[in-house]
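[1] Mind folding the following:
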Amino acid sequence: MTRFSQTLMHIADLHWVVIEDANATSDAVQRILVRSGIPFTYFSTTTKPGFPKRGWTHRNVGLDFVRQHYALFPHNGVVYFADDDNSYDIRLFERYIKKVRTIGIWAVGLAGSAIVEAPHVENGTITKWDVVYAPKRRFAVDMAGFAVNLRLILNKNASFNLGCVRLSPESCFLAQFGIPREKVEPFGWNDEPKEILVWHTKTKNIGTRGESHGYVVEL
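    Okay, here's the model as predicted:
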């Protein structure tokens, strides 16, 4: 969370919606948010019964917040689902996310068992997916590999619903906007060199032992 906040501190025109997976918010996280100086909203929720414990409920609550508080937003906006344990290049926000007009998609490093997952682009159009897991999905993209323009979020009631349980959540969510794959905006595919601007760098408890010696530690 500290690392992610340090990244977002470089991004202008940002509202950070943070949703704690718990019955209450965390004082330690609250201090990080306040210290960052980033405009933020912070609240907690737990997984809705019947839903996978993979952040579906939390993303839906975040979408509800956006639809309620940004319904009359007069400027361009983009919604991006970011996990705090991934690694983000600030260029992801400035070069990709802020330029998304409908749905934007880009490469993600170390997604699942793949070195990289990316859209396969020919002449500016996505024709298939360069992925290891389930390449036949309508939108074979990782959660970190897409963003959606605010207008679409407001005009469609897309969500991570129970109908997505047997499907890929990302593909199920994106399909609800009714935009064909050929009309989705790919980013970074024609850059030279082709750099990856977001990586899965999972934080795990690898069996560390010992006391915290009075320091604030969340495991």
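
[2] Name the nearest residue to Leu8, sequence neighbours excluded.
    Ile38 (5.5 Å; Cβ to Cβ, 6 or more residues apart in numbering). All C-beta atoms are positioned from the backbone trio N, CA, C, and that covers glycine.

[3] next one: Trp189
    Val121 (4.0 Å).

[4] Which helix or strand lies directly C-terminal to the one helix or strand the one you found maps to?
    Assigned by DSSP states H and E, Val121 falls within strand 116-122. The helix or strand immediately downstream of strand 116-122 is strand 125-130, counting by DSSP H and E.

[5] Touching that following strand from outside, list them.
    Applying Cβ atoms under 8 Å, 6 or more residues apart in numbering, the contact partners of strand 125-130 are 105, 116-121, 135, 137, 140-141, 181-182, 184, 186.

[6] try it again with 6 Å
    118-120, 135, 140, 181-182, 184, 186 (Cβ atoms under 6 Å, 6 or more residues apart in numbering).

[7] Are any of the residues you listed buried, and if so which?
    118-119, 140, 181, 184, 186 (16 or more other Cβ atoms under 10 Å).

[8] Checking the closest residue to Asn60 other than its chain neighbours next. Helix, strand or coil?
    Residue nearest to Asn60 in three dimensions, not counting chain neighbours: Ser159, with 5.0 Å by Cβ to Cβ, 6+ apart. The assignment at Ser159 comes out as coil when based on DSSP: H, G, I helix; E, B strand; the rest coil.

[9] Need the per-residue pLDDT for Ser159.
    pLDDT for Ser159: 98.

[10] Kindly report the same for Ser212.
    64.

[11] Which parts of the protein are helices?
    For the chain, the helices defined by DSSP state H occupy 2-8, 27-36, 56-69, 90-91, 150-155, 169-175.

[12] and the longest one, what other elements does it pack with?
    Spelled out, that is helix 56-69. Under the contact definition 3 or more Cβ pairs under 6 Å, 6 or more residues apart in numbering; DSSP states H and E, helix 56-69 sits against strand 16-21.

[13] how distant is the strand it packs on from the center of its chain?
    Relative to its parent chain, strand 16-21 has a centroid offset of 12 Å by Cα atoms, centre = their mean, to the nearest Å.

[14] likewise stretch 67-74?
    For stretch 67-74, the distance to the chain centre is 20 Å (Cα atoms, centre = their mean).

[15] what's the closest of the contacts of strand 125-130 to Ala24?
    Comparing the contacts of strand 125-130 against Ala24 with Cβ to Cβ places Ala140 closest, at 36.7 Å.
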